[in-house]
Every structure is written in structure tokens, then in C-alpha cells.
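# Structure, please.
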Amino acid sequence: MGSLDTNPTAFSAFGDEGEAFQPLNVDDVRSYLHKAVDFISDYYKSVESMPVLPNVKPGYLQDELRASPPTYSAPFDVTMKELRTSVVPGMTHWASPNFFAFFPSTNSAAAIAGDLIASAMNTVGFTWQAAPAATEMEVLALDWLAQMLNLPTSFMNRTGEGRGTGGGVILGTTSEAMLVTLVAARDAALRRSGSEGVAGLPRLAVYAADQTHSTFFKACRLAGFDPANIRSIPTGAETDYGLDPARLLEIMQADADAGLVPTYVCATVGTTSSNAVDPVGAVADVAARFNAWVHVDAAYAGSACICPEFRHHLDGVERVDSISMSPHKWLMTCLDCTCLYVRDTHRLTGSLETNPEYLKNHASDSGEVTDLKDMQVGVGRRFRGLKLWMVMRTYGTAKLQEHIRSDVAMAKMFEEFVRGDDRFEVVVPRNFALVCFRIKANSAMTEEEADEANRELMERLNKTGKAYLAHTVVGDRFVLRFAVGSSLQEERHVRSAWELIKKTTTEMMTMN
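Okay, the predicted model is just below:
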């Protein structure tokens, strides 16, 4: 493509002085990271002015750069230049304060620093012995977060009386948390029912509301459950789209009467579509009748439960088997970081443990430590505990609570804007910092026409690059989701987004 890539004498594998290749030359580390830090700082200063959604076409980057890898080295400045000119313009900027889609993916200076340091140390903490401090840090960070959430001590790695049966592990995403607990529940149900291995799988049934994240149903298939026995229980406006315990009991009992084994129930605190909250305690009481595993997916809204005014959404959690939440969504800890807590780690390790000769050691044999490899799908693992600890240690509970409350207050403000404009309606009661709204049908517009109007509104908004909203379907109606919580968001960004929504709606209605 250029002289740097085609001239083997310009930049050889041995550098200018013929020195051997040193990928961790300390001077290069300092120089490259200084430039990377400058890039990051400049990015955060300018991201507000960038289009949230890029105007690029599939395959653009291969055309911008090159389809084949370079043979010869180039100055790091060339790499950084291509990053700025080709990669950044093709990014959807989740860090933008004008990002209101999906759920937020929050970040902070402390989290970035923690992730950077963890990447530099590059430890692979599959066993305690392989990385004592990394394992200990993960245990400590999880216990700190459990205390912030006011979780029962039965979920903690250590209690005042010493080590108990509960504990936690930091995984990548909620998908992994669901998968590993499904596997543990599956094996327990097979043992309980006297079934053997694959032959018994067709008898096992699992349950969740229809608002549950699609990753649950995917994880069920990965864990081997028969799709015919994966129950998606309909919800409605009468329960604010939360799971109805009476309906759950009816379905589980019918399955049990038909010879199936109710195995696993997933309750959600803060569903993706509408932020619905399943009644954790009531769901746990129903599942207990069948000795089924109960998992609580609190990926997004679990962070809010560090605030006392939101903690009631977890009432009854002491009766569930596992709970997961993702600080990378709303607790200022960059992706990826999902915290899984279980009341009995042995039920998890019993299904996931591996013990090859080359990993055997005195610490593991002593029983005084839990090797975190045995609470996840793979063996290798990143040092995620460092960034989570650095966030909590740097900001403290009070600042993190302030962050949550500020986002909720901005969402309330937006909700009031919507309710004050008779062209719109709030579709479901606002929970936390998500507002589900739409242009409403009226005497001149059918529900189907309103659906199309809302779809057009979203597309127009997103094309401006000044805001990014996503949608869902609630009660068979097309609904816009306005999720507050980007780390750089301020009240002025919410106000500007609302002004853009009003202006765009007016233009649409004038044209029609």
C-alpha cells in the first residue's frame, strides 16, 4: 500500500539498529501507552460532537485499510493515525452522552486504569496458585459488592464465621452466568430424579417470563434442554409485564403432573424490553415446591439496588440459588464484568470442575481456596476483579449511589416531558432509568399507523447522528426506548434529545 509496507529495509523485524524484536521494550511501552492515553483523553473530549451512529457500509474497513496483513513493521504513529482516520469514524459511540439505546455501557477513569493494568500484568488466574492476588482480589471485590447490595452472607465468599458454602465469580456476561447455573441445575435435577445423563434430559423443564432476555433461551439450548420444555410464560399490563407467580405455579404443576421435572426458573430484575421486575420472593416460593433452581438476572437494575430506595426489588433473594448483575452496565466498570453469586459453590463446581495433573497443587488440595476455573465454562480467565475493586475503592458507595440517582432523576425528567405532550404516551410505568414511550394512536391514526410513525421517528432520529434510540415491542405495539445512563450524560443532553424528538415529530406530522 505504501513504502512502509513494501520496503523490507525500512522497518525490518530487527529495527533500525538490527536489534532483536522486543515487543515489551520498556521505552516502547511508555511511549505507546502515553500516545494511547492521549488518544483516549482526546476521544472523551470530542465524542459528544461525533455522530452517535456512523455513516458507513458493511466492508468499509477492509477497503480503508488492507485485506492482507502487513509483512513489515511500521512506526506506532502510523497505527495510531489509521485508528483515528479509519476506525473511529466507523464506531457506534456507546460513550457518547447522546447514546440512549439498549442499556448503558458505563465506564470511568478508575475502571479504564484497572483494565489497563490488568492487561499489562496479563495474568491467567485459573487457579489460586496461578494468581493468588488476582483470586484474592476477585473474592474481596465480590464480597464488597455483595455488602453494597445488602445480599445475605450466604452468597458471600467469606462471612464473619469464616468460609461458608456460598461465593461468587466474575464472568464476562450474563449469558455465561445463566449457562453455568443451568448446567448445575440440570445435573442436580438428573440426580434428584434418578435419571442418567442424556437419557434424562427430555424430562427436564425450565421457566422464564416472555420478557426474559433472549440469551436465557439460547443458554437453555446450549445446556441441552429440550426446546419443547423451555417455557416462555406470557406477561401483560396487569402485572406491568412482570412474571405472575400464580401462572408460574400453574404451569410448573401441569408439567410435574405430566411427568416432567421442573428444574430451573429465571426471574429478572429489570428486563431489557420494559425494565419489568419479576417478584423475586414469590417466584422463589413457587419454585421451592418443586425443588427447582431459581436464578435472578439483575444484569442492569441490580446496580440500582446499592441504593436503599431500590433494594426492595431484591426482597426474597435469600431464598434463591443464584443471582447475577453486571457492573459494566450501570456501575462504572467497563465491559466485561458480570458478577455471579451462588448460595452453594459446590453445586457449581460439581458440574464444572476439572482437575488435570498439571494444575494440581497444595493450595487446591487443601480445600481452603476455590479455583475460579471451576465456576466458569473455560479455564483461562482475565483479572477482572482489579477494575471492579478500583472502581469501588476510588469512588466509594456514596459516589456510586449519586451516579445511579442522577440517572434516575434525568429519566424522571424525560418521562415528565413525554407525559406533558399529548402526542405521546408512556407505555409502561418507568422503572429505574428507562422510559418506554411512543407516538400514540388517535382518531386520525390507527394503532398500526402509529407503529409505522414510531418506526419512522426512530429512523429519522438515528440518522441525524445527534441521538441514538432503540426500540422494542410491548403488548404487540412498536415502542421507543429511552435509556439514560451514559457515563458522560448530563441533563442538557436529555433536554436536547427531547427537543430533537419534538422537532422531528412535528416535521413528520406536517409532511403527512
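# and the closest residue to residue 270 other than its chain neighbours, what is it in contact with?
Spatial nearest neighbour of residue 270, excluding adjacent residues (Cβ to Cβ, 6 or more residues apart in numbering): residue 301 at 2.7 Å. The way it works is simple: take the backbone N, C-alpha and C, and place the C-beta from them, glycine included. Listed by Cβ atoms under 8 Å, 6 or more residues apart in numbering, the contact partners of residue 301 are 269-270, 275, 277, 310, 313, 330, 431-432.
# ok, 7 Å please
By Cβ atoms under 7 Å, 6 or more residues apart in numbering, residue 301 lies in contact with 269-270, 275, 313, 432.
# Turn the residues you listed into JSON lines, columns for neighbour count.
Formatted as JSON lines, those follow (neighbours: other Cβ atoms under 10 Å):
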{"residue": "269", "neighbour count": "28"}
{"residue": "270", "neighbour count": "28"}
{"residue": "275", "neighbour count": "27"}
{"residue": "313", "neighbour count": "22"}
{"residue": "432", "neighbour count": "25"}
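# low-scoring stretches of this protein, by residue?
Counting by pLDDT under 70, the chain shows low-confidence ranges at 1-18, 158-164, 196-199, 512.
# Going along the chain, name the strands of it.
Assigned by DSSP state E, the chain shows strands spanning 158-159, 162-163, 167-171, 204-209, 230-233, 261-268, 293-297, 322-325, 338-342, 424-426, 434-439, 470-474, 477-483.
# Could you check how far the fourth one is from the centre of its chain?
Okay, so that is strand 204-209. Distance of strand 204-209 from the chain centroid (Cα atoms, centre = their mean, to the nearest Å) equals 22 Å.
# and the end-to-end length of stretch 117-126?
This stretch, stretch 117-126, spans 18 Å end to end (Cα to Cα, to the nearest Å).
# Can you tell me how far the residue nearest to residue 270 is from residue 311?
Per Cβ to Cβ, to the nearest Å, residue 301 is found 11 Å from residue 311.
# circling back: adding distance to residue 377 and mean neighbour count, write the strands of the chain out as CSV.
What follows is the strands of the chain, written out as CSV (distance: least, Cβ to Cβ, whole Å; neighbours: other Cβ atoms under 10 Å):
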stretch, distance to residue 377, mean neighbour count
strand 158-159, 25, 14
strand 162-163, 24, 10
strand 167-171, 8, 28
strand 204-209, 18, 27
strand 230-233, 20, 17
strand 261-268, 17, 27
strand 293-297, 16, 27
strand 322-325, 14, 28
strand 338-342, 12, 27
strand 424-426, 40, 18
strand 434-439, 30, 26
strand 470-474, 28, 16
strand 477-483, 29, 22
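# Need these in TSV (columns: distance to residue 143).
Listed next are the strands of the chain as TSV, based on distance: least, Cβ to Cβ, whole Å:
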stretch	distance to residue 143
strand 158-159	6
strand 162-163	11
strand 167-171	8
strand 204-209	29
strand 230-233	34
strand 261-268	23
strand 293-297	18
strand 322-325	14
strand 338-342	10
strand 424-426	39
strand 434-439	29
strand 470-474	35
strand 477-483	30
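# mind listing what residue 189 touches?
Residues counted as contacts of residue 189 (Cβ under 7 Å, 6+ apart) are 204, 261, 263.
# Run through the residues that contact the first one.
When you say that, I think you mean residue 204. Counting by Cβ under 7 Å, 6+ apart, residue 204 touches 186, 189, 225, 229, 261, 263.
# for the second one, same thing?
Counting by Cβ under 7 Å, 6+ apart, residue 261 makes contact with 189, 193, 203-205.
# If we only consider those, which is nearest to residue 237?
Using Cβ to Cβ, residue 205 is the member of the contacts of residue 261 that lies nearest residue 237, at 26.8 Å.
# Is the closest one in contact with residue 260, as I believe?
Yes: in terms of Cβ atoms under 7 Å, residue 205 counts as a neighbour of residue 260; the distance is 4.6 Å.
# and for the two, which residues touch both?
Residues touching both residue 205 and residue 260 (Cβ under 7 Å, 6+ apart): residue 229.
# picking that back up, now the contacts of residue 189 in CSV, with distance to residue 449?
Converted to CSV, the contacts of residue 189 look like this (distance: Cβ to Cβ, whole Å):
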residue, distance to residue 449
204, 45
261, 47
263, 44
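# Including distance to residue 453, could the contacts of residue 261 go into a markdown table?
Below are the contacts of residue 261 laid out as a markdown table (distance: Cβ to Cβ, whole Å):
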| residue | distance to residue 453 |
| --- | --- |
| 189 | 48 |
| 193 | 52 |
| 203 | 48 |
| 204 | 45 |
| 205 | 41 |
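# between the residues you listed, which is closest to residue 149?
Each of the contacts of residue 261 was scored against residue 149 by Cβ to Cβ, and residue 189 proved nearest at 28.1 Å.
# now the closest one: how far from residue 350?
Per Cβ to Cβ, residue 189 is found 13 Å from residue 350.
# Could you name the helices and strands sitting against the lengthiest helix in the chain?
Assignment by DSSP state H gives helix 384-419 as the longest helix of the chain. Judged by 3 or more Cβ pairs under 7 Å, 6 or more residues apart in numbering; DSSP states H and E, the packing partners of helix 384-419 are helix 109-121, helix 132-148, strand 167-171, strand 424-426, strand 434-439, helix 491-511.
# so it versus strand 477-483, what angle?
Angle, helix 384-419 to strand 477-483, by axes from the mean of the first three to the mean of the last three Cα atoms, to 10 degrees: 120 degrees.
# Could you check the angle helix 384-419 makes with strand 434-439?
30 degrees.
# Nothing else from me, thank you.
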